[in-house]
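Participant: Just the structure for this:
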Amino acid sequence: MLKVQFEKKLPNFNISVDFTVGKGMLGILGPSGSGKSMTLKSIAGLEKPHSGLIKTNECTLYDSENNIFLKPQNRNVGYVFQNYALMPHMNIIDNIKLGIKNNKRKNDINTLCSEYIERFKLNNLEKKYPWQLSGGQQQRVALARALITNPRILLLDEPFSALDHHLRLNMQKELKSILNSYDGYVLFVTHDIEEAYRICDNILVFENGLNFPVRSRNQLFDTPGNLTEATITGCKNISKATRISSHKIYAEDWHMELNVQSCEKDIAYVGIRAHYINPVSDNSMKELNTDLFLIENIIENPFDLTIYARQVNKENSAQITFFMPKNNLYFKIHEKIHLNFPKESLFVF
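Facilitator: Numbers count the residues shown, from 1 in each chain. Prediction:
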């Protein structure tokens, strides 16, 4: 178990984080400047917090009360930076060797490097320099260098952000495969919610130097616990709301009474993801959670349509966004349409 609890004062805001990491990959989501990268640097020992505790079951890395602050080289932490941080004047095998402590025998180092060259599919590239490699190859070198010491903790700070979409998908698959046999703690910072969902077991959301509780990826996407979690996971439709009963709420921005699966306490918001809203036939108006909308705009995407609509005859109602398959081209701007909000797809907080 990795325990991270510390405070650090910065010129523009303060960081105060408190979370625990188990096995598997923990994704860290949050807007720029929310404290994600600073948290990784503090775990690695590149930054020193003002107070707190950072420890694993095996070792204390930082403890302000007992004046413990291990140097970065003594923390057994692997770190992959956003820009890879490869040495441009060193070839690939020498870059990978940088991660190995000097107390190993030369033959052992060469054998270990050969194993990692093979494992990371870098054969025949050993004597090349970083500038001679593709982005994906550079990324594999950075991962090999970080993992060759079998670190207790692996920190990945937006490692795929510089890659194009296709290469990112390939590297995500490779990373999952590589880490299947890794037994340490992995923290993965990303801005990409789809990337976090694809490769992380649990996700932690940051905002303004604070973190919300660690949640499984399914919990986070299915039932966000607050406005920040709902927004950062891409929910397009969020309304202020009040509780009417244990199964009914009023969505103020949509001017709708909605049945929900459960609402046992006072709430502030209701949300629904765009792909869950369903157009229904005209004679379905009496269905629960259904109202009449006017289509205001239609955006054609490569594989679907994004449709923007607003309720008819309800002043100041908020615009609704929903997705439809691209073969549904019969929708037209200024057309009226009935939309249903399935109660099992609504979440409240």
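Participant: what helix or strand is the nearest residue to Thr39 once chain neighbours are set aside on?
Facilitator: Spatial nearest neighbour of Thr39, excluding adjacent residues (CB to CB, 6 or more residues apart in numbering): Val17 at 5.7 Å. Every residue, glycine included, has its C-beta placed from N, CA and C. Assigned by DSSP states H and E, Val17 belongs to strand 14-21.
Participant: Confirm that Ile238 sits in a helix.
Facilitator: No: using DSSP: H, G, I helix; E, B strand; the rest coil, the assignment for Ile238 is strand, not a helix.
Participant: what about it, neighbour count?
Facilitator: 20 (other CB atoms under 10 Å).
Participant: What residues are bridge-paired with it?
Facilitator: Gly271 (DSSP bridges).
Participant: was I right about it contacting Val270?
Facilitator: Yes: between Ile238 and Val270 there is a contact at 7.4 Å, judged by CB atoms under 8 Å.
Participant: how about the helices in the protein?
Facilitator: 36-44, 92-97, 106-119, 135-147, 165-179, 193-199, 217-222, 227-232 (DSSP state H).
Participant: and the residue nearest to Thr39, what is it in contact with?
Facilitator: Val4, Gln5, Phe6, Gly35, Thr39, Phe206, Gly209, Leu210, Asn211 (CB atoms under 8 Å, 6 or more residues apart in numbering).
Participant: ok, which pair from those residues is furthest apart?
Facilitator: Gln5 and Phe206 (14.5 Å; CB to CB).
Participant: Would you mind telling me which of those two has the busier surroundings?
Facilitator: Here Gln5 and Phe206 are compared on neighbour count by other CB under 10 Å; more neighbours surround Phe206, at 24 against 16.
Participant: Residue ranges in this structure under the pLDDT threshold?
Facilitator: Counting by pLDDT under 70, the chain shows low-confidence ranges at 101-104, 283-286, 328-329.
Participant: need the contacts of Val17 in TSV with distance to Phe221, can you?
Facilitator: Shown next, in TSV, are those (distance: CB to CB, whole Å):
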residue	distance to Phe221
Val4	23
Gln5	26
Phe6	28
Gly35	22
Thr39	22
Phe206	17
Gly209	24
Leu210	21
Asn211	18
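Participant: Pull out the buried residues from these.
Facilitator: The neighbour-count test (16 or more other CB atoms under 10 Å) applied to the contacts of Val17 identifies Val4, Gln5, Phe6, Gly35, Thr39, Phe206, Gly209, Leu210, Asn211 as buried.
Participant: Which ones among those map onto strands?
Facilitator: Among the buried ones among the contacts of Val17, the ones falling in strands (DSSP state E) are Val4, Gln5, Phe6, Phe206, Leu210, Asn211.
Participant: was I right about the third one contacting Ser42?
Facilitator: Yes: counting by CB under 8 Å, Phe6 touches Ser42, with 6.1 Å between them.
Participant: Mutual contacts of the two, please.
Facilitator: Pro49, Ile54, Tyr62.
Participant: which of those has the most neighbours?
Facilitator: Highest count within those by other CB under 10 Å belongs to Ile54, 27 neighbours.
Participant: If it is in a bridge, with which residues?
Facilitator: Counting by DSSP bridges, Ile54 is bridged to Val4, Tyr62.
Participant: Quickly list the domain ranges of the protein.
Facilitator: Listed domain ranges for the chain are 2-232, 237-348 (source: automatic domain parsing).
Participant: and Pro325, how many neighbours?
Facilitator: 9.
Participant: and it, what does it touch?
Facilitator: Contact analysis of Pro325 by CB under 8 Å, 6+ apart lists Phe303, Asp304, Leu305.
Participant: The closest residue to the last one other than its chain neighbours: neighbour count?
Facilitator: Spatial nearest neighbour of Leu305, excluding adjacent residues (CB to CB, 6+ apart): Met324 at 4.8 Å. Met324 has 19 neighbours, counted by other CB under 10 Å.
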